[in-house]
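Colleague: A structural model of the following input is requested.
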Amino acid sequence: MSAAELAQAYERRDVSPVEATREALAAIEERDAELNAFVLVDADSALRAAAESEARWSAGTQLGWADGVPTTVKDLERTRGWPTLRGSWLADESGPWTEDSPSVARLREAGAVLVGKTTTPEFGWKGTTDSPRFGVTRNPWDPALTPGGSSGGSSAAVAAGMGTWSVGTDGGGSVRLPAAFTGTVGFKPTGDLVSTYPPGSNGPLSHRGPITLSVLDAAVLLDVIGRPDPRDWAAAPARDRSFVVGIDAGVSGLRVGYSPDLGYGRNDPEVASLVAAAVGVLAELGARVTEVEPIFDDPVEAFQTLWWSGAARSLGSYGPERLERVDPGLVECAERGRAVSAVEYLDAMAVCADLGLRMGRFHESYDVLVTPTVPTVAFEAGRSGPGTEPPHLWASWTPYTYPFNMTRQPALSVPCGVTRSGLPVGLQLVGARHRDGLVLRAGRAYERHTGWSPVTEASRTRDTKRGQSR
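Modeller: Residues are numbered from 1 along each chain as shown. The predicted structure follows:
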């Protein structure tokens, strides 16, 4: 069940938070040895929290839709009482671990049941999920393949039913990319909407956001984690309106600009076909769809300047002798980052400002920009990319996600079907800054019309493969 469905079932007493939590723990027991999505599972703590939630639902004092929902958190977010190891041998497991990050604090306040922490590449540095400390994470659709990254453990957990939803981080596509590869929903909200503490090494690129089974769940989870925290000096003020309000208003009359490749990407033919068909659905629903000319040139060099500088900052306090156990690709990024001058960094920030200006003008004419989320489908687990590019150039194969970290716009990935080989494809919807609700509304309209979910599609794909094998 999605989180919204669970809340309705809790209210009817059809299912209890303890039962839902036991189901998630059973799925972890059954599947995680193969998928390696978790670095920590705390069944005792989860069941205690579930029992407390069940008592609230029984008394009619529940804290909202998130109360009692089995939840996972990417292991870059601080969690009180649990270590945050970031996929690295550089982290000291002994702690102390005395505080929650803002998103985790908001989840506890909402009564969510924290089941465990999910895998990440070391310091979240790349678009796949494997690390020196915890090994390779795999895709529930096909364990030979990657779930993407860097929030790959979170996306695998949600897709496999090992927790209803998760909070991931996104510095260049790290929520949306794994969502596309695992048939889940991934939302990177406007940059200042979900508070960050401590500040991310990647500065303005860093975002936090939901990975869920539905767009409606993404809105519900964003209501929870999208509240300001005093530790984040740049946090947006508190909202007085839920993201769920108006989410079912549809897309009739919405101005949609469709760019198949942003003018510089190259798509797998099946990805291109499925995304084009999804855009056709938006048109059928009443959106005014126009295929648009390229809006900007590929900003990958500026992105890499910022990304590599962040890697240098992440590793800056460790001496050379400590780096022998660090992912070599991350070390390469950090070495390149140390060579970046202050002027080069500011030049890269100027590119972000120019991109923001161009997209601001674009949104005067269009409400939503639609692209593929990723130009390819999931590839072999343990590889850094689908081709022969060196690991430090991982952004070269996910060209549609990182520009909107640079502009700090809301960007949503929704599943839009599967290829003939049975692998999911993502559709990306991008809105103007602080128009998060509009982006969710457009994704929700597509979701409701198609009825797509990772559970039903995975089942259908397995049935098709069984039929072919017969």
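
Colleague: need the helices for the stretch 301-450 of the chain, in chain order.
Modeller: In the stretch 301-450 of the chain, the segments counted as helices under DSSP state H, counting those that start in this stretch are 328-338, 342-365, 403-406, 436-450.

Colleague: what's the distance between the last one and the middle of its chain?
Modeller: Relative to the centre of its chain, helix 436-450 is centred 17 Å away, using CA atoms, centre = their mean, to the nearest Å.

Colleague: what do you get for the first one?
Modeller: In terms of CA atoms, centre = their mean, the centre of helix 328-338 is set 24 Å apart from its chain centre.

Colleague: any weak-confidence spans in the stretch 351-470 of the chain?
Modeller: Scanning the stretch 351-470 of the chain for pLDDT under 70 picks out 453-470.

Colleague: Tell me if residue 194 really is in a strand.
Modeller: No: membership of residue 194 in a strand is not supported by DSSP: H, G, I helix; E, B strand; the rest coil, which gives coil.

Colleague: measure it to residue 108 for me?
Modeller: Residue 194 is 15 Å from residue 108, where distance means CB to CB, to the nearest Å. The C-beta positions use only the backbone N, C-alpha and C, and glycine is treated the same way.

Colleague: Please enumerate the helices of the stretch 51-200 of the chain.
Modeller: If you assign secondary structure with DSSP H, counting those that start in this stretch, the helices in the stretch 51-200 of the chain sit at 102-109, 152-159, 176-182.

Colleague: Tabulate the helices of the stretch 301-450 of the chain (JSON lines), appending distance to residue 247 and mean neighbour count.
Modeller: As requested, the helices of the stretch 301-450 of the chain are arranged in JSON lines below (distance: least, CB to CB, whole Å; neighbours: other CB atoms under 10 Å):
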{"stretch": "helix 328-338", "distance to residue 247": "38", "mean neighbour count": "19"}
{"stretch": "helix 342-365", "distance to residue 247": "20", "mean neighbour count": "15"}
{"stretch": "helix 403-406", "distance to residue 247": "21", "mean neighbour count": "26"}
{"stretch": "helix 436-450", "distance to residue 247": "5", "mean neighbour count": "23"}
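
Colleague: Tell me which of the ones you listed sits nearest to residue 70.
Modeller: Distances from residue 70 to each of the helices of the stretch 301-450 of the chain were compared using CB to CB; the minimum, 21.4 Å, belongs to helix 436-450.

Colleague: And the contacts of the closest one?
Modeller: The set of residues external to helix 436-450 that reach it, using CB atoms under 8 Å, 6 or more residues apart in numbering, is 185, 187, 189-190, 193, 214-216, 218-219, 222, 241, 243, 245-251, 254, 256, 278, 281-282, 284-285, 287, 367-368, 410-412, 414, 416, 427, 429-432.

Colleague: Distance check, residue 51 against residue 296.
Modeller: As defined by CB to CB, residue 51 lies at a distance of 52 Å from residue 296.

Colleague: Settle it for me: which of these two has more neighbours?
Modeller: More neighbours sit around residue 296 than around the other of residue 51 and residue 296, counting by other CB atoms under 10 Å; the figures are 18 against 15.

Colleague: Next up, the contacts around the more buried one.
Modeller: When contacts are taken as CB under 8 Å, 6+ apart, residue 296 is in contact with 262-263, 354-355, 358-359, 403.

Colleague: sorry, back to before: give me the subset of the contacts of helix 436-450 lying in strands.
Modeller: With strands identified by DSSP state E, the entries of those that belong to them are 185, 187, 256, 368, 411-412, 414, 416, 427, 429-431.

Colleague: could I get those as JSON lines with distance to residue 76 and neighbour count?
Modeller: As requested, the ones in strands among the contacts of helix 436-450 are arranged in JSON lines below (distance: CB to CB, whole Å; neighbours: other CB atoms under 10 Å):
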{"residue": "185", "distance to residue 76": "20", "neighbour count": "34"}
{"residue": "187", "distance to residue 76": "17", "neighbour count": "32"}
{"residue": "256", "distance to residue 76": "33", "neighbour count": "21"}
{"residue": "368", "distance to residue 76": "29", "neighbour count": "26"}
{"residue": "411", "distance to residue 76": "19", "neighbour count": "31"}
{"residue": "412", "distance to residue 76": "21", "neighbour count": "31"}
{"residue": "414", "distance to residue 76": "24", "neighbour count": "29"}
{"residue": "416", "distance to residue 76": "28", "neighbour count": "26"}
{"residue": "427", "distance to residue 76": "26", "neighbour count": "26"}
{"residue": "429", "distance to residue 76": "25", "neighbour count": "27"}
{"residue": "430", "distance to residue 76": "24", "neighbour count": "27"}
{"residue": "431", "distance to residue 76": "25", "neighbour count": "25"}
